[in-house]
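Colleague: here is the input, now give the coordinates:
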Amino acid sequence: MSVGLAFAVPALSFWPAQVRGAGLFSHGPSRPEADNPKAAAVAAQVRQALDEERNVDAATLLDQANIMGIKSPALIALKGELLLARGEFADALAIFQTVPKAAGQASAVVLQGEGIALSKLGKSDEALADLKQATVLDKSLWRAWNALGCEYDMRRDWTNAQAAYEAALVAPGAKVAIVLNNRGYSWLLQHRAKAAAESFLAALQKDPGLAAARTNLRIALAWQGAYDRATTVGAGDDRATVLNNVGVAAAVHGDYAEAEKYLGQAMAARGQFYGRASENLQMTRGLAAQGDGTAPVASDAPH
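Modeller: Residues are numbered from 1 along each chain as shown. Modelled structure (predicted):
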């Protein structure tokens, strides 16, 4: 059965725009500019700015280099990375596709960028091909492994998804919290709520500010019936969103009475029309009428 129950916030995360504190550029394309000292110096500065999520500074450096006629394949690829960080995926893809193909890691990083952009644009088959090739060329690219895990999740290929996340976790410079969150979400999709909750907790231990993991942990707890813990609201949390997500999780679990209760509370907490919670409530009532507790989890999170 396919249903349209929707959580109110992204649950998966493999790109910086989705998650606070996740500027992930430490494996930027490197060393084709080694014979151009000026380009190498600018590239190093741009990489540092992207690592620190100073996107405006990175853009300024790239613009200045262009005006001064300082060019290299690495600088072109870094422009693509900047566009990815901004969420401009179509433009990022176009930039990556202009980078001259090189050997080794430089080519792998470009394929990684292309693959992430393609995945974000919904071009899943092309994304999978690029990401697989990137990890063959350079097994240290944790972002490629992480995005590959998300692609396998979409195909319900759990074995390969798990292998991809494991590879991402041990790759140099990996943002472990993000990978743990995505691995947990993979387990949630498999209805392994207890294991998922443990992975989300581990992610939050690594990065307490990772909002996606905090949201997912509530969903996993609600799926296990721990509603009091799931609905605990902290500073900065939107109560209506929390209640909506817990209601959806209860519905997925087949606990329709609790689902109706929390979705109703979500609409009341919003204080105005809450379209998503209203739709979820109608869907929950439909599932309850059918008496079917096998509904798969669904999310509107961008992939």
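
Colleague: pretty sure residue 71 sits in a helix.
Modeller: No. Secondary structure of residue 71 (DSSP: H, G, I helix; E, B strand; the rest coil): coil, not part of a helix.

Colleague: hmm, it is touching residue 39, no?
Modeller: Yes. Contact between residue 71 and residue 39 holds when scored by C-beta atoms under 8 Å: they sit 6.8 Å apart. (Each C-beta comes from the backbone N, C-alpha and C, glycine too.)

Colleague: overlap in contacts of the two?
Modeller: Common neighbours of residue 71 and residue 39, counting by C-beta atoms under 8 Å, 6 or more residues apart in numbering, are residue 65.

Colleague: between those two, which is the more surrounded one?
Modeller: residue 39 (19 against 15; other C-beta atoms under 10 Å).

Colleague: and the more buried one, how far from residue 58?
Modeller: Residue 39 sits 15 Å away from residue 58, going by C-beta to C-beta, to the nearest Å.

Colleague: how about residue 212?
Modeller: Noted for residue 212: a distance of 24 Å to residue 58, by C-beta to C-beta.

Colleague: give me the neighbour count for residue 86.
Modeller: For residue 86, the tally of surrounding residues (other C-beta under 10 Å) stands at 15.

Colleague: likewise for residue 154?
Modeller: Here the neighbour count serves as a burial measure; for residue 154 (other C-beta under 10 Å) it reads 15.

Colleague: that one against residue 122, yeah?
Modeller: No. Distance between residue 154 and residue 122: 10.0 Å, which falls outside the contact criterion (C-beta under 8 Å).

Colleague: correct me if wrong, but residue 236 is in a strand.
Modeller: No. Residue 236 is assigned coil when assessed by three-state DSSP, not a strand.

Colleague: so residue 264, which state does it fall into?
Modeller: Taken by three-state DSSP, the conformation at residue 264 corresponds to helix.

Colleague: next, count neighbours for it.
Modeller: 15.

Colleague: for the one 10 residues further on, same thing?
Modeller: Here the neighbour count serves as a burial measure; for residue 274 (other C-beta under 10 Å) it reads 21.

Colleague: residue 236 versus that one, what's the distance?
Modeller: Here the distance between residue 274 and residue 236 works out to 19 Å (C-beta to C-beta).

Colleague: and the pLDDT at residue 103?
Modeller: Among the per-residue scores, residue 103 holds a pLDDT of 61.

Colleague: cool, the one 5 residues further on as well?
Modeller: Looking at residue 108, its pLDDT stands at 92.

Colleague: repeat for residue 238
Modeller: At residue 238 the predicted local distance difference test score is 90.

Colleague: pLDDT on stretch 133-150, on average?
Modeller: Stretch 133-150 shows a mean pLDDT of 95.
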